[in-house]
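*Asks:* Next one to model:
(chains A and B)
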Number of protein chains: 2
Amino acid sequence: MQSSPLTPGDPAAARADGGRTGRVPRAEREQQMLDAAVLVFSRRGFHHANMDEIAELSGVSKPMVYAYLGTKEELFIACLRRESARLVSGLAAAADPTLPPDQQLWRGLKGFFEFVGAHRDGWSVLYRQARTQQPFSAEISRMREAVVEVITDRLDGALRQEGRQVKPDDLTAMALTLVGASESLADWLADHPDEDPGRTATRLMNAVWLGADQLMRGSTWRPPTP
Amino acid sequence: MQSSPLTPGDPAAARADGGRTGRVPRAEREQQMLDAAVLVFSRRGFHHANMDEIAELSGVSKPMVYAYLGTKEELFIACLRRESARLVSGLAAAADPTLPPDQQLWRGLKGFFEFVGAHRDGWSVLYRQARTQQPFSAEISRMREAVVEVITDRLDGALRQEGRQVKPDDLTAMALTLVGASESLADWLADHPDEDPGRTATRLMNAVWLGADQLMRGSTWRPPTP
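*Replies:* Numbers count the residues shown, from 1 in each chain, chains lettered A, B, ... in the order given. Just a heads-up that it's a prediction; the model follows:
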């Protein structure tokens, strides 16, 4: 689920270094460990992920991983938090609030499904698996709440521009509809390697933007031509 | 989450009976145990539910509960299966396929949210909590697949009546959109005692039937007057 290629240091040099971090600033070293951890968790799943492999991939000793980021469980939570933060800020940036509402929604959905499509294994492990296990499911709930908040704000803004003011509960329910539908289709996308993420986003636009009534009559929403 | 009031037998009589089932047919006795188990699991949660309380409520001895329905985990799974089967057949019956598509959807959604609204604790325990725990999450996935199948069939039927034929993947994606959105709003409904289930169903109809585009313009879908 990492968005940049892995950039592990030289394991031999790191070990010769006795595990000290003089060569690489701590923050940067932590990001390297998280990159490696996301990759290993995504490939092996939480239970089969191995701290030795994570340490080796990030070019440090295993004790250094423990010292920096804690137990395997804490490391997994750190991965969830970083990836969640990336996803939420990515969505907020993609859905540029100066655009018309359908374009905001389209860009947000497209960005989301592209993220899932580019990291299908990561989605399965970091989100879907985490969702079904305590204490990780609490992290997932927090991420979900952050996404609901972004969408609620945008909906509110879009409706106010149309001169309409909608009650907070109504906005929340609309955002939850969108989030629930998106999660459901993201799971499906993760299971279908042939599905194009842009196509998934278009499916959802058709369902929620255009309305089933219109769909039944044969009209479909089409993404804007670039 | 039980749909009928509890009908426990007389505990004293059952115990005097030495745990035999001569008085009550086995199938009926099992349903009584399941009624009691659903009630206790809903109130206490899986981990704090107590087999003694379940036995007492169903008017039998604890060994008889174990003999009939197995361990606490097996009993919980039996509850999930029975409630799922009720929900799925309830949805299929509510969404009478001879009705126009919007009425089918409306009745299906209304039935679903009324079920959740009438059993908010049950929803939280039997569905939401089960979804986050192995091995229960596998049961939830099966129920979800059954619901997706019912919706896919109904969508296909409705579209064919309009002379349109839609690819299986498109139908599945539409059903998953609806199921994901419904789950998301059901969780919200379970947390909001003041929310009326019919209102929740109307919110979702507005989102998926009418389309956000129409909503933005201020039009709303209204349930039919009885």
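*Asks:* can you count the residues close to A:Q31?
*Replies:* 17 (other CB atoms under 10 Å in any protein chain shown). Placement of C-beta: from N, CA and C, glycine included.
*Asks:* how close does A:V88 get to chain B?
*Replies:* Noted for A:V88: a distance of 17 Å to chain B, by CB to the nearest CB, to the nearest Å.
*Asks:* Which residue comes closest to that residue once chain neighbours are left out?
*Replies:* Using CB to CB, 6 or more residues apart in numbering or on different chains and skipping the chain neighbours, the partner closest in space to A:V88 is A:A146 (4.9 Å).
*Asks:* in chain A, which ranges drop under the pLDDT threshold?
*Replies:* Along chain A, the model assigns pLDDT under 70 to residues A:1-22, A:210-226.
*Asks:* would you list every one of the helices in it?
*Replies:* All helices of chain A, identified by DSSP state H, fall at A:11-16, A:26-48, A:51-58, A:62-69, A:72-94, A:101-118, A:120-122, A:130-131, A:136-161, A:168-191, A:197-205, A:212-216.
*Asks:* And those: which comes nearest B:T200?
*Replies:* helix A:168-191 (7.3 Å; CB to CB).
*Asks:* domain ranges for chain A?
*Replies:* Chain A breaks down into these domains under automatic domain parsing: A:11-70, A:74-216.
*Asks:* and the last one, how far out from the chain's middle?
*Replies:* Going back to what we said before, that points to domain A:74-216. 9 Å (CA atoms, centre = their mean, to the nearest Å).
*Asks:* now do the first one
*Replies:* The chain centre lies 22 Å from the centre of domain A:11-70; the measure is CA atoms, centre = their mean.
*Asks:* Nearest residue to the middle of chain A?
*Replies:* Residue closest to the average C-alpha location in chain A (CA atoms, centre = their mean): A:L87, at 4.0 Å.
*Asks:* what's the burial count for the nearest residue in space to that residue that is not next to it in sequence?
*Replies:* Distances taken as CB to CB, 6+ apart put A:F115 closest to A:L87, at 6.0 Å, once the chain neighbours are dropped. Using other CB under 10 Å, A:F115 has 21 neighbouring residues.
*Asks:* again with A:M51
*Replies:* 16.
*Asks:* just A:D194 next, same as before
*Replies:* For A:D194, the neighbour count with other CB under 10 Å is 6.
*Asks:* How much space separates it from B:M205?
*Replies:* Going from A:D194 to B:M205 by CB to CB, to the nearest Å gives 32 Å.
*Asks:* ok, now A:W188?
*Replies:* Distance from A:W188 to B:M205, by CB to CB: 23 Å.
*Asks:* A:L99 too?
*Replies:* Applying CB to CB, the value for A:L99 to B:M205 is 27 Å.
*Asks:* For these two, indicate the residue with more neighbours.
*Replies:* Between A:L99 and B:M205, counting by other CB under 10 Å, B:M205 is the more crowded of the two (20 against 14).
*Asks:* any idea how far the more buried one is from chain A?
*Replies:* In this view, B:M205 and chain A are 9 Å apart by CB to the nearest CB.
*Asks:* Pretty sure B:L109 is one of the things that residue touches, is it not?
*Replies:* Yes - between B:M205 and B:L109 a contact is recorded at 6.4 Å, counting by CB atoms under 8 Å.
*Asks:* For A:E56, the count of nearby residues, please.
*Replies:* 19.
*Asks:* buried residues in stretch A:103-118?
*Replies:* Within stretch A:103-118, the residues that qualify as buried are A:104-117, counting by 16 or more other CB atoms under 10 Å in any protein chain shown.
*Asks:* let me redo that: stretch A:85-95
*Replies:* Of the residues in stretch A:85-95, A:87-88, A:90-92, A:94-95 count as buried by neighbour count, 16+ other CB under 10 Å.
*Asks:* which residues does A:R26 contact?
*Replies:* Applying CB atoms under 8 Å, 6 or more residues apart in numbering or on different chains, one finds that A:R26 lies in contact with A:Y68.
*Asks:* try A:L109
*Replies:* A:182, A:201, A:204-205.
*Asks:* Neighbour-wise, which one of the residues you listed leads?
*Replies:* A:L204 (28 neighbours).
*Asks:* re earlier: mind checking how far the residue nearest to A:L87 is from A:T132?
*Replies:* Look at A:F115 and A:T132: by CB to CB, they are 20 Å apart.
*Asks:* Kindly report the same for A:A36.
*Replies:* A:A36 sits 24 Å away from A:T132, going by CB to CB.
*Asks:* picking that back up, from the buried residues of stretch A:85-95, which single one is nearest B:Q161?
*Replies:* A:A95 (36.7 Å).
*Asks:* Double-check that closest one against A:K110; I have them as touching.
*Replies:* No - applying CB under 8 Å as the test, A:A95 and A:K110 come out as separate, 9.7 Å apart.
*Asks:* hang on, the earlier thing: of the helices of chain A, which approaches B:G45 most closely?
*Replies:* helix A:136-161 (14.5 Å).
*Asks:* For the closest one, name the packing helices and strands.
*Replies:* If you count contacts as 3 or more CB pairs under 8 Å, 6 or more residues apart in numbering or on different chains; DSSP states H and E, helix A:136-161 packs onto helix A:72-94, helix A:101-118, helix A:130-131, helix A:168-191.
*Asks:* how about the last one, does it reach chain B?
*Replies:* I take that to be helix A:168-191. Yes - for helix A:168-191, a contact with chain B is found by CB under 8 Å from any CB of the partner chain, at A:169-170, A:172-174, A:176-185, A:187-188.
*Asks:* Buried residues in that helix, which are they?
*Replies:* Those would be A:170-190, for helix A:168-191 by 16+ other CB under 10 Å.
*Asks:* Compute the inter-axis angle for that helix and helix B:136-161.
*Replies:* In terms of direction (axes from the mean of the first three to the mean of the last three CA atoms, to 10 degrees), helix A:168-191 departs from helix B:136-161 by 100 degrees.
*Asks:* May I have helix A:168-191 exported as CSV, CA atoms only?
*Replies:* Provided in CSV are the C-alpha atoms of helix A:168-191 (Å, rounded to 0.1, in the frame of the first residue of the first chain):
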residue,chain,number,x,y,z
PRO,A,168,-26.0,17.6,9.7
ASP,A,169,-27.6,14.2,10.1
ASP,A,170,-28.7,14.2,6.5
LEU,A,171,-25.2,15.1,5.4
THR,A,172,-23.7,12.3,7.6
ALA,A,173,-26.2,9.8,6.2
MET,A,174,-25.3,10.8,2.6
ALA,A,175,-21.6,10.5,3.4
LEU,A,176,-22.1,7.1,5.0
THR,A,177,-24.0,5.8,2.0
LEU,A,178,-21.1,6.8,-0.2
VAL,A,179,-18.4,5.3,2.1
GLY,A,180,-20.3,2.1,2.6
ALA,A,181,-20.8,1.7,-1.1
SER,A,182,-17.2,2.5,-1.8
GLU,A,183,-15.9,0.0,0.7
SER,A,184,-18.1,-2.7,-0.7
LEU,A,185,-16.9,-2.0,-4.3
ALA,A,186,-13.3,-1.7,-3.1
ASP,A,187,-13.4,-5.3,-1.7
TRP,A,188,-14.8,-6.4,-5.0
LEU,A,189,-12.1,-4.5,-7.0
ALA,A,190,-9.4,-6.1,-4.8
ASP,A,191,-10.7,-9.5,-5.7
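*Asks:* Thank you, goodbye.
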